[in-house]
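>>> The following block contains a protein sequence and its predicted model.
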Amino acid sequence: MPVDPLDVRILRLLLEQPRTSVREYARILGTARGTLQARLERLARTGVITTAGPRISPAALGHPVLAFVRIEVTQGGLDEVAAELAAVPEIIEAFSITGGGDLLTRVVARDNAHLEDIIQRLIRMPGVVRTRTEIALRERVPHRVLPLVESVGREAVGDGQRAAG
């Protein structure tokens with residue numbers, strides 16, 4: 001979905017000040033509250049904004065170990081295995097992928113022994129052929145979207161200038 005410079009300013013503000021009210025966002029942006037609300041609804045409806053909830057730290061919940069587990073699945077078993085993965089609370093994300101394996105999961109655990117228990121549970125699932133686990137040592141670039149938003153914003157401004165010129 002194309003975004004314009006106001007959309008970019010709204011997204012930047014949402015990322016930088018997520019707990020601010022819509023009224024305050026409108027004041028900061030110098031736009032009418034109704035305009036801002038309509039933009040937010042459009043950005044949500046088109047899938048640009050996917051959540052408004054807080055970001056929860058698994059480590060703060062007692063699960064400091066983060067691992068990425070690649071799972072190879074029997075042919076035709078992807079949907080069934082994915083459904084089984086959804087029942088494992090320590091799997092916080094799962095993606096079907098290309099390359100080595102069929103699924104890539106992001107798994108959190110209390111400690112390495114707990115991680116081994118989770119992996120053993122995965123291995124026992126019908127349709128799982130094998131797994132490969134990589135433990136994250138340290139987060140080097142935290143989850144972020146602001147640099148992408150700013151890049152898209154620069155492109156939107158550039159496109160607007162080219163269209164005017």
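Everything's here; your move. Numbers count the residues shown, from 1 in each chain.
>>> Quick one: the strands in the chain, in order.
Ranges of strands in the chain, per DSSP state E, are 65-73, 91-96, 103-109, 128-135.
>>> mind listing what's buried in the shortest one?
For strand 91-96, burial by neighbour count (16 or more other Cβ atoms under 10 Å) applies to 91, 94. C-beta here means a position set from N, CA and C on the backbone, and glycine is covered the same way.
>>> Please save the CA atoms from it in CSV.
Taking C-alpha atoms only, strand 91-96 is exported to CSV below (Å, rounded to 0.1, in the frame of the first residue of the first chain):
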residue,chain,number,x,y,z
ILE,A,91,6.8,-21.3,20.0
ILE,A,92,6.3,-17.6,19.6
GLU,A,93,6.5,-17.5,15.8
ALA,A,94,6.6,-20.0,13.0
PHE,A,95,7.1,-19.5,9.3
SER,A,96,7.1,-21.8,6.3
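>>> Just checking: what are the partner strands of it?
strand 103-109 (antiparallel) (DSSP bridges).
>>> As CSV, could you dump the C-alpha coordinates of the strand it pairs with?
Output of strand 103-109 as CSV, limited to C-alpha atoms (Å, rounded to 0.1, in the frame of the first residue of the first chain):
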residue,chain,number,x,y,z
LEU,A,103,9.4,-24.4,8.9
LEU,A,104,11.4,-21.9,10.9
THR,A,105,10.3,-21.4,14.5
ARG,A,106,11.3,-18.9,17.1
VAL,A,107,11.3,-20.7,20.4
VAL,A,108,11.8,-19.4,24.0
ALA,A,109,12.7,-21.5,27.0
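>>> the inter-axis angle of that strand versus strand 65-73?
For strand 103-109 against strand 65-73, the angle by axes from the mean of the first three to the mean of the last three Cα atoms, to 10 degrees is 150 degrees.
>>> what sits against the nearest residue in space to residue 80 that is not next to it in sequence?
Nearest non-adjacent residue to residue 80, counting by Cβ to Cβ, 6 or more residues apart in numbering: residue 127, 5.4 Å away. Counting by Cβ atoms under 8 Å, 6 or more residues apart in numbering, residue 127 touches 73, 74, 77, 80, 81, 84.
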